[in-house]
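Engineer: sequence and computational prediction follow.
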Amino acid sequence: MITTICLNPCFDKTVTVDAMTVGGLHRVRTMRTDPGGKGANVANVLSRLGAPVRCLGLAGEQGAKAYEDLLEKAGVPQGFLHVCGEVRTNLKIVSLDGSEVTEINEPGPMIPEKRLNDLLKVVRENCGGDDFLVLTGSLPPGCADDTYARLVRALNVPAVVDASGKSLRASLAARPFLVKPNKAELCEAVGRKLEDLGAVERAARELMDAGAQHVLVSLGAEGALLVTPDKVWHADGLKVKVSSTVGAGDAMTAGFVAGFVETGDFVEAFRRGVAAGTASVMTDGTQLIRLEDYEALLGRVTIREV
Ligand SMILES: Nc1ncnc2c1ncn2[C@@H]1O[C@H](COP(=O)(O)OP(=O)(O)OP(=O)(O)O)[C@@H](O)[C@H]1O
Ligand SMILES: [Mg+2]
């Protein structure tokens, strides 16, 4: 079983309007609502890949039921503890020709320390036998920087952390199995620009010196680099028709974890991660991945040891 944690779920509400003008009145042409939040997105992709998964987390009591129903409908078993407030809505306003997206993201409810402790207890009591714990997304208001570190320490289960800034840094001391920064997040973590793959590898090794066991750096169209204590692999970026790059990192994390749980092999997990990440850029912003894209891409991923 793979458990993903979603501390700040949201309704991803996508509306299309003819054209967006600041200060203007807009009539909505089409509208859809998807269950969002990175933890939920990773779980959703894992479920699509056929991996046993559930999503646990914290959700504002207003809207929680509707959110949980949407997740279940998407094939993701879930368990959320409720907090005061409402599940936030992230609004994406898309122009009818698809050329522009304006995003308005709410912060989400304040998380009381007590509720976070309740969630830690649920995780300790229910996830001890899991294969993987996936911790991803920005922390909601009220959560200290070491929240992911506490979740990693709560269990003796390999954890993946996909976070940025202080929460990424703070997670390292808890020795997560894998961290998955993108290039900008890795630059921020080490405090300098990274000019080439050698520099990316050195920066990844600094995260390992600080506690990460393995580092998967996603490089957008440039592919990705997987760094382990004794090996480094690079995967080229695949040339595909790009619809939306939002959520490519979430799909990559899901593909990697599904692959590692199934095979225990780093190269195969890496291949599946790259295929899933790439499949996600081929769908528009409201969709995650299509299985047929993922399967067609698997054979195209080239991985070489650096
Ligand atoms: N434009 C692209 N063309 C081809 N492959 C891409 C492209 N963008 C992303 N990918 C694939 O998806 C993987 C993850 O993408 P990326 O580095 O953009 O993640 P991210 O910045 O963490 O995304 P997010 O946080 O929005 O989910 C890349 O390593 C690559 O394999
Ligand atoms: Mg990311």
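Structural biologist: Happy to help now that I have it. Ligands and ions are numbered 1, 2, ... in the order given.
Engineer: could you find the closest non-adjacent residue to the residue of the stretch 201-306 of the chain at minimum distance from ligand 1?
Structural biologist: Relative to ligand 1, the nearest point of the stretch 201-306 of the chain is residue 249 (2.1 Å; Cβ to the nearest ligand atom). C-beta coordinates here come from the backbone N, C-alpha and C atoms, glycine included. Distances taken as Cβ to Cβ, 6 or more residues apart in numbering place residue 218 nearest to residue 249, at 5.3 Å, with adjacent residues excluded.
Engineer: could I get the contacting residues of the one you found?
Structural biologist: Residue 218 makes contacts with 180-183, 224, 248-249, 252, 277, as judged by Cβ atoms under 8 Å, 6 or more residues apart in numbering.
Engineer: tell me which of those fall in helices.
Structural biologist: 183, 248-249, 252, 277 (DSSP state H).
Engineer: now for residue 270: which residues touch it?
Structural biologist: 216, 224, 226, 233, 235, 256, 259, 303.
Engineer: ok, and which of the residues you listed reach ligand 1?
Structural biologist: The subset of the contacts of residue 270 within reach of ligand 1, by Cβ under 6 Å from any ligand atom, is residue 224.
Engineer: can I get the contacts of residue 270 in CSV including pLDDT?
Structural biologist: Below are the contacts of residue 270 laid out as CSV (pLDDT from 0 to 100):
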residue, pLDDT
216, 98
224, 98
226, 98
233, 98
235, 98
256, 98
259, 98
303, 98
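Engineer: so for stretch 81-93, mean pLDDT?
Structural biologist: Stretch 81-93 carries an average pLDDT of 96.
Engineer: and that stretch, anywhere near ligand 1?
Structural biologist: No. Applying Cβ under 6 Å from any ligand atom, one finds stretch 81-93 out of contact with ligand 1, separated by at least 12.9 Å.
Engineer: check the separation of the first and last residues in that stretch.
Structural biologist: End-to-end span of stretch 81-93 (Cα to Cα, to the nearest Å): 30 Å.
Engineer: list the buried residues for that stretch?
Structural biologist: Neighbour-count burial for stretch 81-93, counted by 16 or more other Cβ atoms under 10 Å, picks out 81-83, 85-93.
Engineer: ok, stretch 262-275 next?
Structural biologist: Those would be 266-275, for stretch 262-275 by 16+ other Cβ under 10 Å.
Engineer: and these, which of them are in helices?
Structural biologist: Cross-referencing these against helices under DSSP H gives 266-275.
Engineer: measure stretch 227-245 end to end?
Structural biologist: End-to-end distance for stretch 227-245: 23 Å, by Cα to Cα.
Engineer: neighbouring contacts of that stretch?
Structural biologist: 197, 201, 204-205, 208, 213-217, 219-226, 266-267, 270-271, 274, 278, 280-285, 297, 300-306.
Engineer: just the buried ones among these, please.
Structural biologist: For those, buried by 16+ other Cβ under 10 Å: 197, 201, 204-205, 208, 213-217, 219, 223-226, 266-267, 270-271, 274, 278, 280-283, 285, 297, 301, 303.
Engineer: ok, which stretches of the stretch 151-300 of the chain are strands?
Structural biologist: 159-162, 178-179, 214-218, 224-227, 232-235 (DSSP state E, counting those that start in this stretch).
Engineer: who does the fourth one pair up with?
Structural biologist: Spelled out, that is strand 224-227. strand 214-218 (antiparallel), strand 232-235 (antiparallel) (DSSP bridges).
Engineer: appreciated, that's everything.
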